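Fold the stuff below for me.
(chains A and B)
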Protein chains: 2
Amino acid sequence: MADEYEYIAALRTLATDPAARGLMDDAAVLPVGDIRLVLTSDTLVEGVHFLASDPADSIGWKLAAVNLSDLAAKGATPRACLMNYALSGNDDWDADFLRGLRAALDIYGMPLIGGDTVAMPKGAPRSFTLTAIGEAGSGPVPARSGARAGDILYVTGPVGDSGAGLALLTAGQKPNDNPTTNCLIDAYRRPQPRLAQGQALVPYVTAMMDISDGLLIDARRMGEASGVGIVIDHVPLSDAFIALHGPDARIAAATSGDDYELLFAAAPDVALPVPAIAVGRCEAGVGLRLILDGKPIPLPERLGYQHTAYSERLT
Amino acid sequence: MADEYEYIAALRTLATDPAARGLMDDAAVLPVGDIRLVLTSDTLVEGVHFLASDPADSIGWKLAAVNLSDLAAKGATPRACLMNYALSGNDDWDADFLRGLRAALDIYGMPLIGGDTVAMPKGAPRSFTLTAIGEAGSGPVPARSGARAGDILYVTGPVGDSGAGLALLTAGQKPNDNPTTNCLIDAYRRPQPRLAQGQALVPYVTAMMDISDGLLIDARRMGEASGVGIVIDHVPLSDAFIALHGPDARIAAATSGDDYELLFAAAPDVALPVPAIAVGRCEAGVGLRLILDGKPIPLPERLGYQHTAYSERLT
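Next comes the predicted model:
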């Protein structure tokens, strides 16, 4: 098991319950009486998923937000969460963390109901886990795997802002009075889970997931899970991103991850209930093709974050 | 917030949902339709909750067992779990861990349905989280807080074996052909969650919890939560414990923790459905008294593990 993917293959042999969805999805779907619970759990590690210099309150926020984003991808309504907290050894830091966490839990209506607190050995990186529990709406719970040839692929917003924010931070940029850089840094530190959009979209989509590792790699994953080929022909960028990098840095934006927009597929004749941006389509076949300005573009070597490469990204 | 307890006090101000039970209990109880889910999440950290030298399969087992023990304390039936796994960087170790985890999940019927896998920075201690979801039976879900003056206090088995096993390991003892030492080491490495006992006991108990930090400290916690005083007048020891330490090392046994037996209170006239050992009683008032062989014994300075002192215990 040389990397995470091989380990997960071994793990899948344990996860044969239908609720696990083969560990191929963003969340588990567990029937409890007539209700289907959506369960997801993400761990954030210092130096891997966040920078040691990120403000504590932003890390508390992000821990909630990345899990809420997985609920959003299932169109679920948050019900409760449990948090496993490694004490930082610094009272102010812990208090700030809780402030950021509380803000996200309050805004998105997800009460904290339990968890665990541990004191880590000296020098260990900070590490936090949150397990989010949501309730699915009526109708099928969207998966990555339902997209069909002919479907249009959409995203709920531009991509690349978070990656641009991270790049600014690793280059030593600090939040200042420049709204452009602040906006990008904020996208990295305070992602906004698309819960309302996810809930509204459920009846309209054939497949849905959140973009956590990059548009290209996540779109390819949706294609693989659905047994269709993917064509990406548009990479939507924000004004802030364009102001910093110009309109041509589309490959960077499509591979940088941490976007937490929803990526979904829907039949071409569907009128969507929320604003969304078409980024491509599903076709018969396999694989991922990139066509920009009408021209086929060779795929970059790196389509997005491989999880085990997170640490490279911060060094 | 100089220690875990102050941090948890701050955390409680976030956890006002009734399902959280004020973070005063072993688990959260979340109503989902007509069903009450019991949710708990424990993290195990290398050098804190297990020894770096413990076999990987025993750590996988223990991660499941400590969470199952919390479900047992609520009389819950395991439904599913999510695991957050930090890749060890060693293929064989990861495979062994999964083997031990699988054994516990199979025996106790708790399917793995999701979670997360992360690559930790080099040199970080191993760290694993499991979130267990169970279903409560009919009737009230036992809490720590229901004990009444006059109730008898019971445990489901002897205490101290696990602590004795840990002491052997930290003194350099390895499993060998001595059944006594092996039995104690096994108690430390492979705790047996008392699920069947917990389920059977629900209708008979006024309060129930598992003994994770030591009989004395956990009994005091039950007394505090219930608003009663606690008298402990018996510390049940196993043959293996007595063979190693003699019959008088009762304070060590009552403060060493990691026992994972159930501690519960029941009215004196109740005929219990499973074997249990009376260890004391609840009385009007507050505090903890220890009476052995008919004589009041001064309380030891350390009643059990304080969580932030875990690391001291291993050094």
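
Can you tell me how far the spatially most central residue of chain A is from chain B?
Centrality entry for chain A: nearest residue to the mean C-alpha point is A:S212, 2.9 Å, by Cα atoms, centre = their mean. Taking Cβ to the nearest Cβ, to the nearest Å as the measure, A:S212 falls 11 Å from chain B. Backbone N, C-alpha and C define where each C-beta goes, glycine included.

who are the neighbours in contact with that residue?
Contacts for A:S212 (Cβ atoms under 8 Å, 6 or more residues apart in numbering or on different chains) come out as A:V66, A:S69, A:D218, A:G257, A:D258, A:D259, A:Y260, A:Y305.

swap the cut-off to 7 Å and go again
Contact analysis of A:S212 by Cβ atoms under 7 Å, 6 or more residues apart in numbering or on different chains lists A:D218, A:G257, A:D258, A:Y260.

got any ranges where the stretch 151-300 of chain A has weak pLDDT?
Applying pLDDT under 70 to the stretch 151-300 of chain A flags no residue at all.

redo that, cut-off 90
Residues of the stretch 151-300 of chain A meeting the criterion pLDDT under 90: A:173-179.

In it, mark out all the helices, start to finish.
With helices called from DSSP state H, counting those that start in this stretch, the stretch 151-300 of chain A shows them at A:161-170, A:179-189, A:195-201, A:215-226, A:239-245, A:250-255.

Now do the domain split for chain A, please.
Using automatic domain parsing, the domain ranges for chain A come out as A:4-135, A:144-313.

Of these, flag the one that's most buried.
domain A:4-135 (a mean of 21; mean count of other Cβ atoms under 10 Å in any protein chain shown).

Okay, strands next: where are they in chain A?
For chain A, applying DSSP state E gives strands covering A:28-32, A:35-45, A:77-87, A:112-119, A:127-135, A:152-155, A:207-210, A:229-232, A:262-266, A:277-283, A:288-292, A:295-297.

got the contact list for the first one?
Read that as strand A:28-32. Taking Cβ under 7 Å, 6+ apart as the rule, strand A:28-32 contacts A:19-21, A:36-39, A:136, A:141, B:32-33, B:35, B:37, B:80, B:82, B:113-114.

if we go to 6 Å?
Strand A:28-32 is contacted from outside by A:A19, A:A20, A:R36, A:L37, A:V38, A:L39, A:V141, B:V32, B:I35, B:A80, B:I113, B:G114, using Cβ atoms under 6 Å, 6 or more residues apart in numbering or on different chains.

Tell me how far the third one lies from chain B.
Looking back up the chat, that one is A:R36. Counting by Cβ to the nearest Cβ, the separation of A:R36 from chain B is 10 Å.

What of the first one?
Taking Cβ to the nearest Cβ as the criterion, A:A19 is separated from chain B by 4 Å.

next one: A:A9
Noted for A:A9: a distance of 11 Å to chain B, by Cβ to the nearest Cβ.

What pLDDT is listed against that residue?
Turning to A:A9, the model gives it a pLDDT of 84.

next one: A:G75
The model reports A:G75 with a pLDDT of 97.
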